[in-house]
Structure formats: structure tokens, C-alpha cells
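In: Everything below, folded, please.
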Amino acid sequence: MLTNLSDDQNPRVLKKEGFKHLDRVIDLCAQHGIYTILDLHTAPGGQNTDWHSDHGGHIANFWNHKDHQDRAVWLWEQLAAHYKDNKWIAGYNPLNEPTEPKHTRLVEYYDRLYDAIRKIDAHHILFLDGNTFASDFTHFGDEYVRKWENTSYSVHDYSRFGFPSSPETYVGSDDQVRALIKAYRRKREWLDKRGLCVWNGEWGPVYARKEYEGDATEEINNSRIHVLKDQLAIYNRVRTFSWCP
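Out: Numbering: from 1, shown residues only. Below is the predicted model of the structure:
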């Protein structure tokens, strides 16, 4: 998204033609009655230490260089100005799965971003990921959540049983289901104590592929689909928990 709308060699100069790709997808979704949430999955410098923030090392340099943060705020100002009147935008998810070791810089950045977006767009929901890959909200601070209106808090509820590194094959035993529930409740505990809106922005297993797992593929995927169904059953019992796959 950032590279479509700006250029490293000419930062903070908007390439308006870059909106055509986003507009096309948003319009297609709207035609089918589907709302869109805009998500900045990779921020300048990398907002987390893992591969999916699209940088070559394991240092989240987004937090070490203010210019990276400045560029991300600028981008969201452009997006808010362009989409503020679009009713098929459900909201903005401004930073995917941050890992900020001091915690305070994340909350201060969110507060800065909140002010910047709200000066332009007061209507669309902000979906704020927790720290440590959208799992930890304990350092957000009551003074901030009282200020941040029209805001939802995003957890990512991936289960260890749905990954290739799972410690055991998932069969839906009582102990395994309890582990699913415990992990899910831990992520939203701090938010529930304050009566805040919780949204599960990402979840689900990683499916096996025949070219890698061979004849075991079907058995592996049956187990992981079982994880998916049991998680969904947990979510459906709690109507205060919205989610998307």
C-alpha cells in the first residue's frame, strides 16, 4: 500500500494513481455487500521482528527511526482524506502485529495516529492491534482507552495446534479445547475488564500442501480443520466477540 501511494525516492509526495487498485477492490466488495477494513500490514522499517513485516532482518526498525513513523502517519492521513466519506469502509487497522519491546512507544504512536486520523475522519472505526503480535494490551493505559472513541481492539487468535510446529496432533480432547479457551481468554482479559470492544482480526490454521507433506496431507488438514471448527464454536458461544478469517 505504501509503495503504491508514495516512493522511497520521493517520500511524502502522493501518487494519486495508486488509489485505483484499492478503489477497485473496495468497489468490488461493495457490489457484493462486503465491507472493507484497510490494514497496513507492513510499515516502513518493519513494525515487528518476523518475516511477514517484509524486511530482511529481525529488528523492528519502525520503532528506532522516527521518520518511519512519520511516513506511516502521513500515509494514513492520505487514506483518511480519500476514504472518509466511503460508507463501504468499515474502518482502519493502522498497524499489523507490532512488537515494540518498551510498550510505551506503541501506545504513544497510536495516540499520535489517532489524533492525526480523527482530524480528518471522525467516523470510521479504528482497529488497534495489541503489542506482541496482537496479543498484549496490558500497557495501553486507561487514560488512552478513555480518549480513543469509536475504537476496537484487535487480537489475533492463532492456535499453536494449527501450526506445523504444534506440540501434538489436535484431536479435540477436553484438555486441548481447554487450551484453546485459555489462550483466547488470555488475549482479551485486559479488554474485557474495561468493557472494550474486541475484534479477532486474524485466526485459523496453516494447511498442509501435498508437495511438502505428501500422503500425510489429508490427515494433517483434517486435524487442522478440527482446530478451526472448535475455535469457531468457542467464538459463536460469545456474542461479544467479532471476527473475520
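In: center of the chain, which residue is that?
Out: The centroid of the chain falls nearest to residue 96 when counting by C-alpha atoms, centre = their mean (4.3 Å).
In: which non-adjacent residue is nearest that residue?
Out: Spatial nearest neighbour of residue 96, chain neighbours left out: residue 41 (4.5 Å); criterion: C-beta to C-beta, 6 or more residues apart in numbering. Glycine gets a C-beta too; all of them are placed from N, C-alpha and C.
In: could you give the mean pLDDT of the helix or strand encompassing residue 81?
Out: Here residue 81, judged by DSSP states H and E, is contained in helix 66-83. Average pLDDT, helix 66-83: 96.
In: still on that earlier bit, count of neighbours near the residue nearest to residue 96?
Out: 13 (other C-beta atoms under 10 Å).
In: Same question for the one 4 residues further on.
Out: With neighbours defined by other C-beta under 10 Å, the count for residue 45 comes to 19.
In: what do you get for residue 102?
Out: As a burial measure, residue 102 scores 11 neighbours (other C-beta under 10 Å).
In: List the residues that contact it.
Out: Residues counted as contacts of residue 102 (C-beta atoms under 8 Å, 6 or more residues apart in numbering) are residue 63.
In: got it, and the one 4 residues further on?
Out: Contacts here follow C-beta under 8 Å, 6+ apart; on that basis residue 106 touches 63, 98, 100, 131, 139.
In: Go ahead and confirm the first one touches residue 107.
Out: This points to residue 63. No: distance between residue 63 and residue 107: 12.0 Å, which falls outside the contact criterion (C-beta atoms under 8 Å).
In: Just the strands from this structure, written as ranges.
Out: All strands of the chain, identified by DSSP state E, fall at 36-39, 89-93, 125-129, 151-156, 198-202, 241-243.
In: between the ones you listed, which one is nearest to residue 73?
Out: strand 89-93 (12.2 Å; C-beta to C-beta).
In: What lies in contact with that closest one?
Out: With C-beta under 8 Å, 6+ apart, strand 89-93 has contacts from 26, 35-40, 76, 79-80, 83, 117, 124-129, 152, 154, 201.
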